[in-house]
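Peer 1: Quick one, what's the 3D model for this:
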Amino acid sequence: MSTVRTENELLKAFEILKSKEWVDLTHTFGPDSPHFSAFNDAEFKTLFTHEDGFFAQSFTFPGQYGTHIDAPIHFVPNQRYLEELELKELVLPLVVIDKSKEAEENHDFNLSVDDILKFEEEHGEIEAGTFVALRTDWSKRWPNKEAFENKDSDGNSHAPGWGIEALKFLFEERNIKAVGHETFDTDAAIDYRKNGSLIGEYYVLEQDTFQIELLTNLDKVPAKGAVIFNICPKPEKGTGFPVRSFAILP
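Peer 2: Numbering: from 1, shown residues only. From the prediction side, this is the model:
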């Protein structure tokens, strides 16, 4: 009897989810897509065509390519690989902090604790166990490499990001689970040059959790109430991989 009830409850929940709006948070990527400067372009090759009986391709790219997930081991030794992340960790309540206007006016914008507190004044305290995404609308520059890198005349990139104190506040005071953003890196480009390393990215992964980079369509998601799914392959000892992130709206 209890088994039948559980199945009915699950199917009812499934029908509710299917009735909601689903938003794809993932860029389509290819050999010409923007990517971290230290990586080569992806290579897509055709192995067999329909004339051979079936169509098959080979894909060569770094794990951190396109919209992707970073496992803790990506920056921090002796931490978990992708395969060790539990399924329920990858599905979380979604909070979106919109700083698109600020990022448009200041390409070196980085999120502060004060920005978070102002967000909470309007939307309520950020709940524990949530996935917090920083919306900057940087994703609208996709797939233009030059616009995405946004280099000045000296060759320095300018892109927004998370301030380290803001990240510490979210993880230590609000006990969130994970973060995501629309840029290549967690840290603003100017902070990376100043600090000589990606201290924000290291800090996030040091919390034994994951992050999602190069998200898109955050402008289609409310500040609170949605749920994010981050679905990816399960490579052996993988440090990161392209992900299919999507949100189901309330």
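Peer 1: State the distance spanning the first to the last residue of stretch 55-65.
Peer 2: Using CA to CA, to the nearest Å, the span of stretch 55-65 from its first residue to its last is 24 Å.
Peer 1: Average pLDDT for that stretch, rounded please.
Peer 2: The average pLDDT within stretch 55-65 is 98.
Peer 1: what do you get for stretch 201-210?
Peer 2: The model assigns stretch 201-210 a mean pLDDT of 98.
Peer 1: Just the buried positions in that stretch, please.
Peer 2: 201, 203-205, 207, 209-210 (16 or more other CB atoms under 10 Å). C-betas here are computed from N, CA, C, even on glycine.
Peer 1: which SS class is the residue nearest the centre of the chain?
Peer 2: In the chain, the C-alpha nearest the mean C-alpha coordinate belongs to Ile212, at 2.2 Å (CA atoms, centre = their mean). With DSSP: H, G, I helix; E, B strand; the rest coil as the basis, Ile212 sits in strand.
Peer 1: same check, this time on Ile126
Peer 2: Classified using three-state DSSP, Ile126 is coil.
Peer 1: wait, what's in contact with it?
Peer 2: Counting by CB atoms under 8 Å, 6 or more residues apart in numbering, Ile126 touches 95, 116, 119-120, 132, 170, 174, 176.
Peer 1: If we use 6 Å, what do you get?
Peer 2: 95, 174 (CB atoms under 6 Å, 6 or more residues apart in numbering).
Peer 1: what does the one 10 residues further on give?
Peer 2: For Thr136, the set of contacting residues under the criterion of CB under 6 Å, 6+ apart consists of 99-100, 103, 160, 182.
Peer 1: and of those, the nearest to Thr46?
Peer 2: Set against Thr46, the nearest of these by CB to CB is Glu182 (31.3 Å).
Peer 1: Apply the buried test to the contacts of Thr136 and list what passes.
Peer 2: For those, buried by 16+ other CB under 10 Å: 99-100, 103, 160, 182.
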